[in-house]
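Novice: Give me a 3D structure for the following:
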Amino acid sequence: MSIQKSGKSNPVVRCSSKQRDRSCDRKTTFPYFIVHMYMATCVLPHAMRLYSNKTSNKQLQLDLSKIERDLTKARSKLKTEKEFYDKCSDEGKSTIMILEVMNETHLKISELEERERSVNDSLKHRDRLAISDEARDLILTPDNFNLEMHKLGFKIIVDEEVLRTTGFEKPVQKMAYAGYSRKKRAYQYTDPTGNYLVEWPSEWVTEDLLMMKTLNSYIKSSELTLKAWEYVNQPSDTDFSEFIKS
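Specialist: Presented below is the predicted three-dimensional model:
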């Protein structure tokens, strides 16, 4: 699929293969705005959870690898110190300093083992439905957001009237495009539940909206909007009014 824009009209999605070799049998173009809203309302929560799992687990795995390397070195060091202690003991030499060094190494090993258990526990019990702050704020940098979404590997499939997605563990809600009302000058599409018809005036479809250029500045425009944005990642039982006051 390719995105095309002509003059002052809103951009549309067109099948690239239809233009290239006529292998696509799509009859019409598709409003890019509808794809944008589908991504923002239906796909985004799944994408944010997937991104959170990939990036958070990756960091935990890196931390675990470093701890395991440090443990291997510390255990090897303690083994060498024990051998030296036995040698000095057999020769009747003083072993007080060696015992102090061995004790320090033993304490370091104990600390590393505790950190290893903690990281393993985090990997085991991490909430796969949670969305990290990093994932939440990714959308505030549109260029980086698009790049990271591409890396996740999911696909939005544009059929004649219905949008659907592949690439996630759990199914993503579909969205149906109900057409453009010339009388109301508005796009019509189903909401994420599929139960209601949404009407969006075409004059509200701006480049800033589609490119998410002003989202960052809007969120930071007041303490209230910033708090509301931060509330997104709070536990489900968090009271909004109390959080705003904090």
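Novice: how does this structure divide into domains?
Specialist: 59-125, 214-246 (automatic domain parsing).
Novice: so which of those domains is the most packed in?
Specialist: Ranked by average neighbour count under the criterion mean count of other Cβ atoms under 10 Å, the domains of the chain are headed by domain 59-125 at a mean of 13. Any C-beta I mention is one placed from the backbone N, CA and C, and that applies to glycine too.
Novice: Strands of the protein, residue ranges please.
Specialist: Shown for the chain, the strands assigned by DSSP state E span residues 2-4, 12-14, 30-31, 155-158, 162-166, 175-181, 186-190, 197-201.
Novice: Now do the end-to-end distance for stretch 179-199.
Specialist: 10 Å (Cα to Cα, to the nearest Å).
Novice: Residues contacting that stretch, please?
Specialist: Defining contact as Cβ atoms under 8 Å, 6 or more residues apart in numbering, one finds that stretch 179-199 is touched by 31, 33-34, 37-38, 41-42, 173-178, 200-203, 205.
Novice: ok, now stretch 134-152?
Specialist: Outside of stretch 134-152, the residues within contact range by Cβ under 8 Å, 6+ apart are 44, 47-52, 54-55, 167, 211-213, 215-216, 219, 229, 232-233.
Novice: for it, the distance to its chain's centre please.
Specialist: Shown here is stretch 134-152, whose average C-alpha point lies 8 Å from the average C-alpha point of the whole chain (Cα atoms, centre = their mean, to the nearest Å).
Novice: Isn't Arg75 up against Ile109?
Specialist: Yes. The pair Arg75 and Ile109 qualifies as a contact (Cβ atoms under 8 Å) at a distance of 6.3 Å.
Novice: residues in contact with the most centrally placed residue in the chain?
Specialist: When the chain is reduced to its mean C-alpha position, the nearest residue by Cα atoms, centre = their mean turns out to be Tyr51, at 2.7 Å. Counting by Cβ under 8 Å, 6+ apart, Tyr51 makes contact with 132, 135, 138, 148-149, 152.
Novice: what angle sits between the longest helix seen in the chain and strand 162-166?
Specialist: Looking only at the chain and at elements set by DSSP state H, the helix with the highest residue count is helix 44-90. The directions of helix 44-90 and strand 162-166 differ by 10 degrees, with axes from the mean of the first three to the mean of the last three Cα atoms, to 10 degrees as the criterion.
Novice: any idea how far the residue located most distally from the centre of the chain lies from Tyr51?
Specialist: Computed with Cα atoms, centre = their mean, the residue of the chain farthest from its C-alpha average is Gly92, at 62.1 Å. To Tyr51, Gly92 is 63 Å away according to Cβ to Cβ, to the nearest Å.
Novice: repeat for Met211
Specialist: As defined by Cβ to Cβ, Met211 lies at a distance of 20 Å from Tyr51.
Novice: got the buried residues for stretch 134-143?
Specialist: Neighbour counts using 16 or more other Cβ atoms under 10 Å place 135-140 of stretch 134-143 among the buried residues.
Novice: mind saving the C-alpha coords of it as CSV?
Specialist: Presented in CSV, the C-alpha positions along stretch 134-143 are these (Å, rounded to 0.1, in the frame of the first residue of the first chain):
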residue,chain,number,x,y,z
GLU,A,134,8.8,4.6,27.6
ALA,A,135,6.1,2.9,25.4
ARG,A,136,3.5,5.5,26.4
ASP,A,137,5.7,8.4,25.6
LEU,A,138,7.0,6.9,22.3
ILE,A,139,4.1,8.5,20.5
LEU,A,140,5.3,12.0,21.5
THR,A,141,8.2,11.6,19.0
PRO,A,142,6.4,10.7,15.8
ASP,A,143,9.5,9.8,13.7
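Novice: Let me know the average pLDDT across that stretch.
Specialist: Predicted confidence along stretch 134-143 averages 84 (mean pLDDT).
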